[in-house]
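Colleague: pasting the sequence and the predicted model now:
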Amino acid sequence: MQRERLGSRLGFLLLSAGCAIGIGNVWKFPYMAGQNGGGAFVLIYMLFLVLLGVPVLTMEFAVGRAGQKSPVKVYKELEPKGSKWHLHGYAAFAGNYLLLMFYTSVAGWLLQYFVNTAAGTFEDLDAAGIRSAYDEMLTRPGTLLVFVGIVIGLAVLVCSIGLEKGLERITKWMMSALLIIIMILSVNSMLLDSGAEGLRFYLLPDGNRMREVGVGKIIVGAMNQAFFTLSVGIGSMAIFGSYIGKERALMGEAVRVAVLDTFVAVASGLIIFPACMAYGVQVDSGKSLIFITLPNIFNHLSGGRIWGSLFFVFMSFAALSTVLAVFENLVSCTMDLFGLKRRAACLINGALLFILSVPCVLGFNVWKRIQPMGADSNIMDLEDFIVSNLLLPLGSLIFVLFCTCRYGWGWKNFMAEANEGKGIKVAGWMRGYMTFALPVLLVGIFLIGLYNAFV
């Protein structure tokens, strides 16, 4: 069967960026910046994005383009005979399932918040009322499952139409709308009274704040965010490498995807921090910032219902772009493994994913007594831990070793594939860094993740 192809380079860039852009950008990045001193965190984050994210992303793209298969089969095309690198393909396949088992719930929350905001549900509620509405939402498994079903149904519909006519076309439209909406919201937020104070906090490094938070904490937080933001390590990016030609060198493409990803993350802060400062809201309010703090801010804004609706449309598009991209990975893996047609693979994966998403939904209500990671934890926390703290860093380490080790694909093969075409290329002097320093950084991220989870 001939490998499907994306119709354009823009489609490849927007699909890859869509996979990277998600709740990590528009939810986690702003509250991490708020908790870690603002401007200094943003600056260090960008540094680590270059040192960590771009090299690993280049390697994933290269493996996918050279192997021309989904992650579950790509290693068998490239590995030396008798080696076991292909076992990571099955772990990557499972990792994509695990990611969507909880990501569909969060995407469903965002869709529900858009509907509620547009309907005026949060109007006239104070901060306590909005928190109560959020808590009440999580106690209704039936409604939560309906929105999870809508999210999965959209993924099945879009991906079953086809790679170019379905996934690429819809992602182009959705990502273009996302970028337009985020620019409108950013300008509106920056023009608020006292918004300039929020911009200073967010964009200008401050030595006093760095010392107050702790330089080490800021560096670790920025390094973790820079690594996790690109969703590397479970083959989610390798699949798009397999759908493109050899006209462009892959490091240049990785840089462009990282720039798009960073633009959305930084612009999310441009929306949130001026609004927080304008209305006296704590910028370090953490995970509650999106679902509890911001609806309260929108209630005080002129035309807040419109701005709030636009914001949650933007949030929903960010989450759905990741769901669509990762679901395509599942579909491609299933087609490669079992020889299924695209439509059948979409329907089977959609039905299976809905069933697998049920535990996460029930973990907030019917099964809330199940606390797998200690008091106040839930099933989503466990699923997120397995993906974020185990599969992503260890999977990235495997990609790096596979591309640099002579017992794997090897540096020469990787460099030849990555550098084919026009654009920014992998330089020879980078070999030492990618072979020795990059694995050490990835092991460090893995160990820090384990320490933070259990200490």
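Modeller: Everything's here; your move.
Colleague: which SSE is residue 97 in?
Modeller: Assigned by DSSP states H and E, residue 97 falls within helix 87-118.
Colleague: right, I mislabeled it, should have said residue 11
Modeller: helix 9-20.
Colleague: what are the buried residues along stretch 144-163?
Modeller: 144-145, 147-148, 151-152, 154-156, 158-161, 163 (16 or more other CB atoms under 10 Å). To be clear about C-beta, it is placed using only N, CA and C from the backbone, and glycine gets the same treatment.
Colleague: stretch 132-145 now?
Modeller: Neighbour-count burial for stretch 132-145 flags 133, 134, 137, 138, 141, 144, 145 (criterion: 16+ other CB under 10 Å).
Colleague: show the average pLDDT along that stretch.
Modeller: Stretch 132-145 shows a mean pLDDT of 94.
Colleague: could you give the number of residues near residue 206?
Modeller: Residue 206: 15 surrounding residues under other CB atoms under 10 Å.
Colleague: that one contacts residue 39, correct?
Modeller: Yes. If you go by CB atoms under 8 Å, residue 206 and residue 39 touch, sitting 6.3 Å apart.
Colleague: check whether residue 262 sits in a helix, strand or coil.
Modeller: helix (DSSP: H, G, I helix; E, B strand; the rest coil).
Colleague: what is the burial count for it?
Modeller: For residue 262, using other CB under 10 Å, the count is 22.
Colleague: distance of it from residue 148?
Modeller: Noted for residue 262: a distance of 29 Å to residue 148, by CB to CB, to the nearest Å.
Colleague: one step back: what mean pLDDT does the helix holding residue 97 have?
Modeller: 95.
Colleague: for that helix, buried residues please.
Modeller: Result for helix 87-118 [16+ other CB under 10 Å]: buried residues 88-89, 91-114, 116-117.
Colleague: over to stretch 196-211?
Modeller: 198, 199, 201, 202, 203, 209, 210.
Colleague: excluding its backbone neighbours, what's nearest the last one?
Modeller: Closest residue to residue 210 apart from its sequence neighbours, by CB to CB, 6 or more residues apart in numbering: residue 40 at 4.9 Å.
Colleague: distance-wise, check that neighbour relative to residue 290.
Modeller: In terms of CB to CB, residue 40 sits 23 Å off from residue 290.
Colleague: higher neighbour count, these two?
Modeller: Shown here are residue 40 and residue 290; by other CB under 10 Å, residue 290 has more neighbours (25 against 21).
Colleague: tell me the helix or strand right after the worst-scoring helix or strand of the chain on mean pLDDT.
Modeller: When the helices and strands of the chain are scored by mean pLDDT, DSSP states H and E, helix 288 comes last with a mean of 64. For helix 288, the following helix or strand on the C-terminal side (DSSP H and E) is helix 294-300.
Colleague: same for that following helix, what does it pack against?
Modeller: Other helices and strands packing on helix 294-300, by 3 or more CB pairs under 8 Å, 6 or more residues apart in numbering; DSSP states H and E, are helix 87-118, helix 127-138, helix 250-278, helix 304-338.
Colleague: residue 232 is nearest to which of those?
Modeller: Proximity to residue 232 (CB to CB) singles out helix 250-278 among the helices and strands packed on helix 294-300, at 9.7 Å.
Colleague: got the angle between that closest one and helix 9-20?
Modeller: 50 degrees (axes from the mean of the first three to the mean of the last three CA atoms, to 10 degrees).
Colleague: is it true that residue 420 lies in a strand?
Modeller: No. Assigned with three-state DSSP, residue 420 falls outside any strand and is coil.
Colleague: what's the burial count for it?
Modeller: The number of residues near residue 420, taken as other CB under 10 Å, comes to 17.
Colleague: same question, residue 447
Modeller: 12.
Colleague: please find the angle between the direction vectors of the helix holding residue 97 and helix 304-338.
Modeller: Using the same axes, to 10 degrees, helix 87-118 lies at 160 degrees relative to helix 304-338.
Colleague: just how off-centre is helix 87-118 within its chain?
Modeller: On the basis of CA atoms, centre = their mean, to the nearest Å, helix 87-118 sits 10 Å off its chain's mean C-alpha point.
Colleague: again, but for stretch 126-144
Modeller: With CA atoms, centre = their mean, you get 25 Å for stretch 126-144.
Colleague: what's in contact with that stretch?
Modeller: In this structure, residues lying in contact with stretch 126-144 by CB atoms under 8 Å, 6 or more residues apart in numbering are 105, 108-109, 112, 116, 121-122, 125, 288, 291-293, 295-296, 299, 361-362, 364-366.
Colleague: ok, for residue 161, nearest residue in space, not its chain neighbours?
Modeller: Here the residue nearest residue 161, using CB to CB, 6+ apart, is residue 167, at 7.7 Å.
Colleague: can you give me the pLDDT of that neighbour?
Modeller: 92.
Colleague: same check on the one 10 residues further on?
Modeller: Listed pLDDT for residue 177 reads 90.
Colleague: then it would be within a strand, right?
Modeller: No. Going by three-state DSSP, the assignment for residue 177 is helix, not a strand.
Colleague: doesn't residue 320 make contact with it?
Modeller: No. Between residue 177 and residue 320 there is no contact under CB under 8 Å: 11.0 Å.
Colleague: neighbour count winner among the two?
Modeller: residue 320 (25 against 13).
Colleague: and the buried residues of stretch 196-211, which of them are in helices?
Modeller: 198, 199, 201, 202, 203, 209, 210 (DSSP state H).
Colleague: quick one: which of the residues you listed is nearest residue 25?
Modeller: residue 202 (14.7 Å).
Colleague: for the closest one, what are its contacts?
Modeller: Counted by CB under 8 Å, 6+ apart, residue 202 has contacts 33, 38, 39, 42, 269, 270, 273.
Colleague: closest one of those residues to residue 423?
Modeller: residue 42 (26.6 Å).
Colleague: in a helix, the closest one, correct?
Modeller: Yes. Counting by three-state DSSP, residue 42 is part of a helix.
Colleague: just checking, it touches residue 204?
Modeller: No. With contact defined as CB under 8 Å, residue 42 does not count as touching residue 204 (9.5 Å).
Colleague: elements contacting the helix or strand just after the helix holding residue 11?
Modeller: Using DSSP H and E, the helix or strand that directly follows helix 9-20 along the chain is helix 23. Identification of packing neighbours for helix 23 by 3+ CB pairs under 8 Å, 6+ apart yields helix 87-118, helix 304-338.
Colleague: state the pLDDT value of the residue nearest to residue 116 when sequence neighbours are not counted.
Modeller: Excluding the flanking residues, the one nearest residue 116 by CB to CB, 6+ apart is residue 122, at 6.3 Å. The model reports residue 122 with a pLDDT of 89.
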